[in-house]
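In: okay, here's the prediction I keep looking at, along with the sequence it came from:
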Amino acid sequence: MGRVVIDVMFKPEILDPQGKAVAGALARLGFTEFTAARQGKRFELQVDGEVTEEVLDRAREAAATLLGNPVIEDVVRVAAAPEGDAQ
């Protein structure tokens with residue numbers, strides 16, 4: 001059994017209040033080396049068999065059709081999950 005990982009992020013021009021809150025909390029907790037944060041979404045899709053290029057193409061299609069909102073989000077990664085990666 002294989003898994004595909006899809007990461008979706010707000011487009012850079014879209015305000016990200018949750019990311020802003022995280023950045024503020026990091027600074028208050030002493031993590032001053034981080035100057036900004038952005039919130040995103042991660043999807044994991046399980047497939048029977050191995051993750052082939054055809055499966056990745058279908059995952060990209062699913063991401064563009066359903067998982068990301070093209071008006072405000074970018075699909076930034078569609079890839080096979082590494083073997084042994086925790087679910």
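Out: Cool, got the structure.

In: switch to C-alpha atoms for all contacts and neighbour counts from now on
Out: Noted.

In: got the confidence number for E83?
Out: We have a pLDDT of 78 for E83.

In: contacts only, for it.
Out: If you count contacts by Cα atoms under 8 Å, 6 or more residues apart in numbering, E83 has none.

In: secondary structure class for it?
Out: coil (DSSP: H, G, I helix; E, B strand; the rest coil).

In: so what does T65 look like in phi/psi?
Out: Recorded main-chain torsions at T65 are phi -80, psi -40, according to degrees, to the nearest 10.

In: need the pLDDT of it.
Out: On the pLDDT scale, T65 is placed at 94.

In: what about it, how many neighbours?
Out: Residues within reach of T65, counting by other Cα atoms under 10 Å, total 11.

In: any idea of the mean pLDDT in the lengthiest helix in the chain?
Out: Of all segments of type helix in the chain, defined using DSSP state H, the longest is helix 17-28. For helix 17-28, mean pLDDT rounds to 97.

In: can you verify R77 is assigned to a strand?
Out: Yes: R77 forms part of a strand when assessed by three-state DSSP.

In: that one touches M9, doesn't it?
Out: No: counting by Cα atoms under 8 Å, R77 does not reach M9; the two are 9.5 Å apart.
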